[in-house]
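J.: Got a sequence here, can you model it:
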Amino acid sequence: MSNLPSPSAAPALSAASNPADIAREAFRRLATRRIAPTPDAYRAIYDEIAGIPPAPPAPAPDSGAAEVLAGFARRLAETPGEISEYGRRMVRSVKTGDWSGATQALGQLSERHLRRNTPIMALGAEEPDTRLLREMLARTLSFAVASLLDGSPALVAEAESLGSAVKAATGEAELQDIASRLKQLCYQIELRGGDKVEEQQLLLRLFKLLLDNVSELLDDDSWMRGQIATVQDLIAGPLDARALEDATRSLKDVIIKQGHLKHGIADVKSTMKNMMMTFIDRLGSAAAASSDYHAKLGGLSERIGRAGDINELNDVLEEVLRETRSAQDEALAARDRMVAAHREAQAAEQRIRELEAELQHMSELVREDQLTGSLNRRGLDDVFERESARADRRNTPLCVALLDLDNFKRLNDTYGHLAGDAALKHLVKVVRDTLRSMDVIARFGGEEFLILLPETTVDAAAAAMVRVQRELTRHFFLHENEKMLITFSCGVALRLPNEDQQSLMARADKAMYQAKNTGKNRVVVADTP
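T.: Numbers count the residues shown, from 1 in each chain. Reported below is the predicted structural model:
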C-alpha cells in the first residue's frame, strides 16, 4: 500500500495562495494520483486546490439533431464547388463535438450562399470535369446520334432536344426527366438498329440467291463468272465501306472494257455467220450445178438413143465431154470455195476464243501492278480521289509516303532483273504486313512506291515508315540463298486542305530526294508551303 495521503485527505490551499504554489501542488497531486497530465485533468485539480467550484456540465446535444446535422454536412461536402469546403468543416466539427465550429460554418454558409436564393443543386461553381462531360454528352446527342438516325425525323428531333436539355439542366428533377427520355431514345434506337440489320440480312440473302441462280445458268468458261465470283466473295465477309467502294470502281472499270470486247465478239460472230450463209449458198449452187449436169446427161442419153449415124453420135459425145469438163471445173471451184470458207470459219472461231479469253482475264482484273500485286497508277488515282474527298468531308488528315529503293540499279546490274523483281515483291509484302489494312500501297514508278495513309498525322506517318524500315532489316531478302539487306529512302507529306494529287506528290518527291542526298535509308517530312 502506498503511504501517500488520499485525495480527500489532501488539504486545500488557501484561495490567496500563490498561483505558482497552486500549480506545483496540482502537478504533485496528478503524480500521486497517477492521473494522465491532460489539460482537462490539470484544470480540474487546479480548481480543486484553489477552491474554485466546478462548472456545470454542458447539456449533451440531442442525438437525433446531431445525426441530421451530420447528414446535412455530408451532402454539402459531396456538392461540387466552393460549398463542399463548408460541408467538410461541418463534418469535422460534428465528429469532434465542436458545436461552435459547426455554428460558425453554418453562419458563413447562410451569409454567402443561402441568402442568394440559390438552389442547393446549383451551389458552387461546376467542376471542369463535370462541365466537359456535360458538353460531350450534349454534342454526342445533338450531332453524332442525330446523324446516325437519318431517315427517322422524330428520333432526330428527340436526340437534338435532349442535347439542348443536357446543356441547360440544373436540378435533380430535370436530370431525372432527361435520364428517362434518354432511356426511351436508346430503346427506340435499339429497335431501329435491329430492323436495319434484319433488312440488310434479307437483302444480302436475296442478292446471294440471285447471284447463285445466275451463276448456274452460265457456262463454265463464261466471262461473267469472274465478276460474279468477285461480288460473291465481297458479300460473304464483313461488309466494309472501303471494300464496297473499291469493288464498285473495279467492276465499273472492267464492265467498260468488257463492253468494247463484247462488241468485238459480236462483230466476229456476225462475220462467221455471214461466212456460213455463203458456204450454204455455195453448197446449194454446187448441188444445183450437179442437178443441171445430171439433167443434161439425161437429155444427151436420149439423143444417143435417137442418133441415126456416127456423125450425130460424135456431136453428142463432144457435148458430153464439154458438160463433163464444165461440171468438173465447177466442182473443183466449189471445193476450193468451201475449203476457203472452212478456213475463214476456223479463223473466226479462234478469234472468238481469244476475245473470250481476254474477257475472262478482264473480269478478274483489279487495277493491280502485275509484278508486285500493288495498285497501278490507275488504281492509285481512283483511291486518291476517294480518300482525298473523304478527308475533306470529315476534316481528317491524309498523308502520303513516297519511297524509293536504295541502290536498286546496282542490285539489278549485279544479280539480274529477276532478283530486282523479287526484291520489289519482297518490299511490297513487308509493307503490307507492317501497315494497317486501310493503308494503300501503289507502284509509282520502276522502284518507286507510294503509300496512302488515311486518318494519319504526319508524325504518325513518318513513324510508320521508320517501322517498315526496321522490319526490312529483320526480314532479309533472299536471292539464291544469299541474304541481302534492302533499304529505302522516303519522303512523307501531309495533304493540305483541298490540295491536288500533283502538288502533294511533288512535295513528297522533294522530301524523298532530300532523304537520298543526306545518306539514304532515311525518312524526311516534307515542308509545308
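J.: For the rest of this, base every contact and every neighbour count on C-alpha atoms.
T.: OK.
J.: got the residue ranges for the strands in the protein?
T.: Using DSSP state E, the strands of the chain run over residues 398-405, 440-443, 448-454, 477-479, 482-484, 488-494, 523-525.
J.: can you redo the ones you listed as JSON lines with distance to residue 131 and mean pLDDT?
T.: Below are those laid out as JSON lines (distance: least, C-alpha to C-alpha, whole Å; pLDDT from 0 to 100):
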{"stretch": "strand 398-405", "distance to residue 131": "32", "mean pLDDT": "96"}
{"stretch": "strand 440-443", "distance to residue 131": "41", "mean pLDDT": "93"}
{"stretch": "strand 448-454", "distance to residue 131": "32", "mean pLDDT": "95"}
{"stretch": "strand 477-479", "distance to residue 131": "56", "mean pLDDT": "85"}
{"stretch": "strand 482-484", "distance to residue 131": "59", "mean pLDDT": "85"}
{"stretch": "strand 488-494", "distance to residue 131": "34", "mean pLDDT": "96"}
{"stretch": "strand 523-525", "distance to residue 131": "39", "mean pLDDT": "95"}
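J.: hey, where'd the helices end up in the stretch 101-250 of the chain?
T.: 128-139, 146-148, 153-168, 172-217, 224-236, 241-306 (DSSP state H, counting those that start in this stretch).
J.: any idea which of the strands of the chain is most buried?
T.: Neighbour counts (mean count of other C-alpha atoms under 10 Å) averaged over each of those peak at strand 488-494, with a mean of 28.
J.: pLDDT weak spots in the stretch 51-200 of the chain?
T.: The stretch 51-200 of the chain contains residues with pLDDT under 70 at 54-65, 80-82, 110-129, 170-172, 194-197, 199.
J.: repeat that for 80
T.: Applying pLDDT under 80 to the stretch 51-200 of the chain picks out residues 51-87, 90, 94, 97-139, 141-152, 166-175, 187, 190-200.
J.: The stretch 301-450 of the chain now?
T.: 301-370, 378.
J.: if you go through it in chain order, where are the helices?
T.: 310-363, 377-394, 408-415, 417-434.
J.: And the second one, what does it pack against?
T.: Helix 377-394 sits against strand 398-405, strand 440-443, strand 448-454, with contacts defined as 3 or more C-alpha pairs under 8 Å, 6 or more residues apart in numbering; DSSP states H and E.
J.: And those strands: which comes nearest residue 373?
T.: strand 440-443 (8.8 Å; C-alpha to C-alpha).
J.: what's in contact with the closest one?
T.: 369, 374-377, 379-380, 428, 431-432, 449-453 (C-alpha atoms under 8 Å, 6 or more residues apart in numbering).
J.: CA atoms only for it, dumped as CSV, please.
T.: Extracted C-alpha coordinates of strand 440-443, given in CSV (Å, rounded to 0.1, in the frame of the first residue of the first chain):
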residue,chain,number,x,y,z
VAL,A,440,-2.8,1.5,-99.6
ILE,A,441,0.5,0.9,-101.5
ALA,A,442,0.8,1.6,-105.2
ARG,A,443,3.7,1.2,-107.6
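J.: Can you tell me the closest non-neighbouring residue to residue 465?
T.: Of all residues not flanking residue 465 in the chain, residue 523 sits nearest, at 7.0 Å (C-alpha to C-alpha, 6 or more residues apart in numbering).
J.: related to what we said a few turns ago, adding distance to residue 23, write the helices and strands packed on helix 377-394 out as TSV.
T.: Formatted as TSV, these follow (distance: least, C-alpha to C-alpha, whole Å):
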stretch	distance to residue 23
strand 398-405	86
strand 440-443	93
strand 448-454	86
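J.: Of the ones you listed, which is nearest residue 149?
T.: Per C-alpha to C-alpha, nearest to residue 149 of the helices and strands packed on helix 377-394: strand 448-454, 26.0 Å.
J.: Parallel or antiparallel, which strands does that closest one pair with?
T.: Strand 448-454 pairs in its sheet with strand 398-405 (antiparallel), strand 440-443 (antiparallel), by DSSP bridges.
J.: I'd like those as TSV, with distance to residue 295 appended.
T.: Output for those, formatted as TSV (distance: least, C-alpha to C-alpha, whole Å):
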stretch	distance to residue 295
strand 398-405	85
strand 440-443	76
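J.: Determine how far the last residue of stretch 407-424 lies from the first.
T.: This stretch, stretch 407-424, spans 13 Å end to end (C-alpha to C-alpha, to the nearest Å).
J.: Of all the residues in that stretch, which ones are buried?
T.: Across stretch 407-424, burial judged by 16 or more other C-alpha atoms under 10 Å covers 408, 411, 419, 420, 423, 424.
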